[in-house]
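Visitor: Provided below are the primary sequence and the corresponding predicted coordinates.
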Amino acid sequence: MQYIEEVLQSVKESNPNEPEFYQAVEEVLSSINQVVEGNNEYQQQAILERLVEPERQAIFRVPWLDDNGKVQVNRGFRIEFSSTLGPYKGGLRFHPSVNQSVVKFLGFEQVLKNALTGLPLGGAKGGADFNPKGKSDNEIMRFCQSYMTELYRHIGANTDVPAGDIGVGAREIGYLFGQYKRISNQFEGVLTGKPEIMGGSSLRTEATGYGVAYFLSAMLDAKGDSLRGKRCLVSGAGNVALYLMEKLDQYDAVILSCSDSKGTLYCKDGLDVALVKHLKNEQGAELRDYLNELKDSEFTPVNQYPSDGHHVWRYEADIALPCATQNEITEKDAEALVENGCSVVCEGANMPTTADALKVFKDNDVFLGPSKAANAGGVATSQFEMAQNASMQKWRAEQVDEKLQQVMKSIFDTISATAKQYSNEHDLVLGANIAGFERVADAMLKQGVV
Ligand SMILES: NC(=O)C1=CN([C@@H]2O[C@H](COP(=O)(O)OP(=O)(O)OC[C@H]3O[C@@H](n4cnc5c(N)ncnc54)[C@H](OP(=O)(O)O)[C@@H]3O)[C@@H](O)[C@H]2O)C=CC1
Ligand SMILES: O=C(O)CCC(=O)C(=O)O
C-alpha cells in the first residue's frame, strides 16, 4: 500500500487543480493494491508512475470566425495517454466545461477501458472548451476546420484515431475528416464515428447505448434476473442515453426518466421512447417539448433540483443508468436511490458517480457496472470501423451487432471472474480496475522502459 500511496501523493502534487484526474487515478490505484503490492517488478519498473503520466499532451489555440465576422478563440486539447496496446484511441468532447483535468481523467479511463475490450487499442482523449449550442452549421464547420488544422499533425490511422464524445457527433466528425483529408491528402481511417457514406461503420452511432444495454443484461443474467418490467431511471438525452433507451425498450424494460441540461422528464408509467428520440434526433427539440405531445408526464427544471444533487435520481426505481456526464450521482443522490429501492446501477457516462456515492453503493450492496466496462461498446465498435477501413470493407449491421454483443459479454465475464478471484464476483469496480490494469501493465513490462 505504501507504493500506491506514494504515487497518489505525487500525482496530487504534480497535477494541482486537477480534481477529476486525481479522482479517476485514486479510484483505480486504491483498488489494485492486491496485484501491485505483491509484485516488486511493477515498483522496480515504475509501472504506476508511467501509467499516470500521459505519453504526450497537446494544448493549442483554436481561432475561428463567427457569423458576425468576429474572431473567437478556444482552447483545444489532445492527450495521448498510452500507446501500450495499440494506436491512441478515444473521443473528442466539445463543451464549455472541458479543461486539462477533464481531458486527462477521460484519457486515463480510456486506457483501461480500451484494455478491457481485448482489442489492440491505446488510450487518448481530446476536445475543446467550445460550446456548440446556438452555433450555426457554418460556425461549427469553421471551428472544426480550425481545430483539425492543428490536430492533424498529431494523428493518423496507425498513430491516433479520435472519435466523438459530448458535443461531437457524425456532423462534427464529417467536418473534421474533410479538413484532415484536405491537409494530409490521405483518405484513411483517421477518425471513427464517420457518416457511413464516407467509411463509417454501421451501428457506431448506436453502439455505446446498445453496449450498455448488453452489459446490463449480462449483469442481470448473472443474478438469474432479466430486464423485463424493470423500472429504469436514465439521465441524459444524447447519443448514449437515446440508444440505450431504445434497446431497453426492446427488452421490455420501463424507462421512467431521462434528462438534459435544462431538467428532468419523468413519467410514472414509462416514457414513449420513440417520441423522445424523434423529438431529439429529428426535431432538435428540447425534452420539455415532450409535454406538448403527451401530458401524462412531468418536467422538473434544473432550478428546482435539490441543492445536493439531481432530481432524476429522486424517484422510485429498480435500476439507475447515468448517461450524461461525470459526477452526476452525488452521495445524496446515491442515498436516495438506495432508499427508493434501486439495487443496480450501470454507468453509460464516464465516471458519473462521485467517490462518496460509490461508497454508498458499495456499503449497500448495489450491483454496479462501472463505466470503463459498461460503456466500452462505443470504442469497440470504433475499432471495428478501423478494421473495416484498413481492409476497405463494409460489414453488415448484423455482423457488427453480433461482434458488439460478444465484446460486451466477454468484458462482463472477464471482470466478473477477476472480481471473484480478488474479492466477490459482484465487485465489478474492482474487477474492471484490476483486469484493465493487468493487461496494460504486463504489456508495459514486455516493452521495456518507454
Ligand atoms: N458517444 C460515445 O460513443 C460515448 C460517450 N460516452 C460518455 O457518455 C456520456 C454522454 O455522451 P454522449 O451521449 O455522447 O453526449 P451527447 O452530447 O450526445 O449528450 C450528452 C447528454 O447529456 C446532457 N449533459 C451533458 N453535460 C451535462 C451537464 N453538465 N449537466 C446536465 N446534462 C448534461 C446533455 O444535455 P444538453 O443536450 O442539454 O446539453 C445531453 O442530453 C459522456 O460522459 C461521454 O463521455 C462514453 C463512451 C462512448
Ligand atoms: O470511439 C472511440 O474512439 C471513443 C469513445 C469514447 O470516447 C469513450 O469510450 O469514452
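Guide: It's in. Numbers count the residues shown, from 1 in each chain. Ligands and ions are numbered 1, 2, ... in the order given.

Visitor: for the closest residue to ligand 2 within the stretch 301-450 of the chain, what are its contacts?
Guide: Closest residue of the stretch 301-450 of the chain to ligand 2, Cβ to the nearest ligand atom: S382 (3.3 Å). From N, CA and C alone the C-beta is placed, and that goes for glycine too. The contact partners of S382, taken as Cβ atoms under 8 Å, 6 or more residues apart in numbering, are 89, 161, 163, 192-193, 201, 204, 207.

Visitor: Could you work out the most separated pair of those residues?
Guide: V161 and A207 (15.2 Å; Cβ to Cβ).

Visitor: Look at those two and report which has more neighbours.
Guide: A207 (31 against 26; other Cβ atoms under 10 Å).

Visitor: Identify the residue spatially nearest to that one, adjacent ones excluded.
Guide: T381 (3.6 Å; Cβ to Cβ, 6 or more residues apart in numbering).

Visitor: same question, A374
Guide: A374 sits nearest to F215 (Cβ to Cβ, 6+ apart), 4.4 Å away.

Visitor: Quick check: the one you found is in a helix.
Guide: Yes. Checked against DSSP: H, G, I helix; E, B strand; the rest coil, F215 lies within a helix.

Visitor: residues in contact with it?
Guide: 346, 369, 373-374, 377, 408, 411-412.

Visitor: Could I get the buried residue list for stretch 262-271?
Guide: Within stretch 262-271, the residues scored as buried using 16 or more other Cβ atoms under 10 Å are 263-267, 270-271.

Visitor: can you list contacts of that stretch?
Guide: Contacting residues not belonging to stretch 262-271 are listed as 235, 237, 245, 254-259, 276, 286-288, 290, 294, 296-302, 304-305, 310-312, 315 [Cβ under 8 Å, 6+ apart].

Visitor: so what secondary structure elements neighbour the helix or strand where V111 lies?
Guide: Under the criterion of DSSP states H and E, V111 resides in helix 100-116. Helices and strands touching helix 100-116, by 3 or more Cβ pairs under 8 Å, 6 or more residues apart in numbering; DSSP states H and E, are helix 19-29, strand 71-82, strand 88-94, strand 123-128, helix 371-374, helix 377-390, helix 397-422, helix 428-446.

Visitor: swap the cut-off to 7 Å and go again
Guide: For helix 100-116, the packing partners by 3 or more Cβ pairs under 7 Å, 6 or more residues apart in numbering; DSSP states H and E come out as helix 19-29, strand 71-82, strand 88-94, strand 123-128, helix 371-374, helix 397-422, helix 428-446.

Visitor: Tabulate these (TSV), appending mean neighbour count and mean pLDDT.
Guide: Formatted as TSV, these follow (neighbours: other Cβ atoms under 10 Å; pLDDT from 0 to 100):
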stretch	mean neighbour count	mean pLDDT
helix 19-29	21	98
strand 71-82	21	98
strand 88-94	28	99
strand 123-128	30	99
helix 371-374	30	98
helix 397-422	18	98
helix 428-446	22	98
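
Visitor: so which of those gets nearest K332?
Guide: Here helix 19-29 is closest among the helices and strands packed on helix 100-116 (Cβ to Cβ), at 17.7 Å.

Visitor: gap between the residue in the stretch 201-350 of the chain that ligand 1 sits nearest to and ligand 2?
Guide: Ligand 1 sits closest to G238 of the stretch 201-350 of the chain, with a gap of 1.7 Å, by Cβ to the nearest ligand atom. From G238 over to ligand 2 the distance is 13 Å, taken as Cβ to the nearest ligand atom, to the nearest Å.

Visitor: burial count for that residue?
Guide: 21.
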